[in-house]
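Novice: From the sequence below, what's the structure:
(one chain, ligands or ions: 1)
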Amino acid sequence: MPTFEYAPAPESRSIVSLRESYGLFINGEFSPSVDGRAFKTISPATEEVLAEVTEAGPADVDRAVTAARKAYEQTWSVMPGRERAKHLFRIARIVQERARELAVLESLDNGKPIRESRDVDIPLVAAHFFYHAGWADKLEYAGYGPAPRPLGVAGQVIPWNFPLLMLAWKIAPALACGNTVVLKPAETTPLTALAFAEICQQAGLPPGVVNIVTGAGETGRALVEHPGIDKVAFTGSTEVGKQIARACAPTRKKVTLELGGKAANIVFEDAPVDQAVEGIVNGIFFNQGHVCCAGSRLLVQESVYSEVLASLRRRLATLRLGDPLDKNTDVGAINSAAQLAKIRELSEVGEAEGAQRWSPPCELPVKGFWFPPTIFTGVSQAHRIAREEIFGPVLSVLTFRTPAEALEKANNTPYGLSAGVWTEKGSLILWMASRLRAGVVWANTFNKFDPTSPFGGYKESGYGREGGRHGLEAYLDV
Ligand code: NDP
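Specialist: Numbering: from 1, shown residues only. Sure thing, here's the model as predicted:
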């Protein structure tokens, strides 16, 4: 039983001034689309319409690519690295200055708790720009030869789970290396990308260096298939990633794909249980589980299974679900009706396949899209909930007896984005880390991100790395 109740602590949304409608950001200005099409973006927590956003068609994408090409040839690629760095530093500082506004806007449009957008997303956005600003005049020391060249125009398509952070992962390295970009944010979360367009204006970025085209999947397709693009960077589902790989295969475009995951979070019997439980909760309930590297498969050593499960259930009962703008909220809204339907469907499949479903007592708001934190026990390797990315607050629990069995089960997945290992033994951490087929392996922690550290997948989780020195390679002609 909780010892006290929390009073509501909502963050004020008055710091955000929403426009009724937003144009496309092309060549440094907001402009309407050629055919006048638009769509609405809503708050997933309340279903309130936040703004109308322009839908870019192929002619608009073409305008954006042309603007990016001109800026690449006439301005950005010929500008000395130290001058490009100044622009990136300026952007980073404006992001910091406008951090509160950006955090509120992100939570409104995406549904994620303000605590996460304020303390994780936005600080990491600034960090990515600061970090890459530092590289802009030092590329010759990055290990890619004495004068590495940019690629040209990058077409970048990002998902809705970390809207502004994924934009930063894409735009910061591209600009640091001397490329220009056309970026398409996800249909359900365009607002922080449009605020970023304003930041580019505020920072005095030359017109055409960054272009933002809003729209749905068709806009993304028009962008990645445009013949004027030299580089495609995509984060999203494995299914769309495969389509993009097929479309780009016969072209000279350089491609990086950051796709789905089904990460194993592995708890050995000597792990500190309380710490591991915090890591499990952070691994799967952070950002409602809308995380490609989420620890969605918990592998627990049989000898500590009961203890870990009891502790995990106790901890889940303390999670607070509700208003994303409330500073005490741990679990916010599911990003869209479509995503909620997918989470519900896979959870029903889990039950039908014989796994046991459990959620703590939890009142869901009437309006908006919500799903309670959920654990499935009695899950086997063959269950769909152990194999498919649910992309929601749903944890599948499996057990193992030996490190070899844990490794076998962890690697038995078509994905390979991340993994977590919880144990006191350094030798076991190293043994596991060197054998896990995952791009990132966290030891006694989970979901830790840093711009200096490369991130990316094995197998169907994609190819290419983002972040760190390795991430520069994706934007250089090497
Ligand atoms: P998508 O892969 O469809 O969306 C990612 C981005 O690609 C969005 O901007 C989307 O536009 C765009 N897009 C869609 N179709 C195309 C296309 N043919 N060519 C180019 N761009 C395209 O993911 P969804 O949002 O539909 O989510 C579906 C599932 O994908 C989720 O349930 C989850 O399992 C997984 N997912 C994984 C992510 C990850 O980081 N691993 C991130 C997001 C989703 P728009 O949103 O406007 O349709």
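
Novice: ok, A9 - how many residues close by?
Specialist: Neighbour count of A9, defined by other CB atoms under 10 Å: 12. Backbone N, C-alpha and C define where each C-beta goes, glycine included.

Novice: So it versus L325, what's the distance?
Specialist: Per CB to CB, to the nearest Å, A9 is found 9 Å from L325.

Novice: Over to F268?
Specialist: Distance, F268 to L325, using CB to CB: 39 Å.

Novice: Go ahead and list the helix or strand containing R69.
Specialist: R69 belongs to helix 58-71 when elements are defined using DSSP states H and E.

Novice: Does the ligand have contacts with that helix?
Specialist: No: under the criterion of CB under 6 Å from any ligand atom, the ligand is not reached by helix 58-71; the shortest gap measures 10.9 Å.

Novice: List the buried residues of that helix.
Specialist: Neighbour-count burial for helix 58-71 flags 58, 60-71 (criterion: 16 or more other CB atoms under 10 Å).

Novice: Restricting to C-alpha, output it in PDB.
Specialist: What follows is helix 58-71, C-alpha atoms only, in PDB (Å, rounded to 0.1, in the frame of the first residue of the first chain):
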ATOM      1  CA  PRO A  58       6.300  14.400 -54.500                       C
ATOM      2  CA  ALA A  59       6.500  18.000 -56.000                       C
ATOM      3  CA  ASP A  60       7.300  19.400 -52.500                       C
ATOM      4  CA  VAL A  61       9.900  16.700 -51.800                       C
ATOM      5  CA  ASP A  62      11.500  17.700 -55.100                       C
ATOM      6  CA  ARG A  63      11.500  21.300 -54.100                       C
ATOM      7  CA  ALA A  64      13.200  20.400 -50.800                       C
ATOM      8  CA  VAL A  65      15.800  18.200 -52.500                       C
ATOM      9  CA  THR A  66      16.600  20.900 -55.000                       C
ATOM     10  CA  ALA A  67      17.000  23.500 -52.100                       C
ATOM     11  CA  ALA A  68      19.200  21.000 -50.300                       C
ATOM     12  CA  ARG A  69      21.400  20.400 -53.400                       C
ATOM     13  CA  LYS A  70      21.900  24.100 -54.000                       C
ATOM     14  CA  ALA A  71      22.800  24.700 -50.400                       C
END
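
Novice: Now do that helix: distance to the chain's middle.
Specialist: 26 Å (CA atoms, centre = their mean, to the nearest Å).

Novice: For that helix, which outside residues touch it?
Specialist: With CB atoms under 8 Å, 6 or more residues apart in numbering as the test, helix 58-71 has contacts from 24, 26-27, 33-35, 56, 152-153, 155, 180-182, 206-209, 211, 213, 219, 222-223, 226, 228-229.

Novice: Could you look up the SS state of the closest residue to T75 other than its chain neighbours?
Specialist: Spatially, and ignoring its direct neighbours in sequence, T75 is nearest to P206 (4.6 Å; CB to CB, 6 or more residues apart in numbering). Using DSSP: H, G, I helix; E, B strand; the rest coil, the three-state assignment for P206 comes out as coil.

Novice: dump the residue contacts of P206.
Specialist: By CB under 8 Å, 6+ apart, the residues touching P206 are G28, A71, T75, W76.
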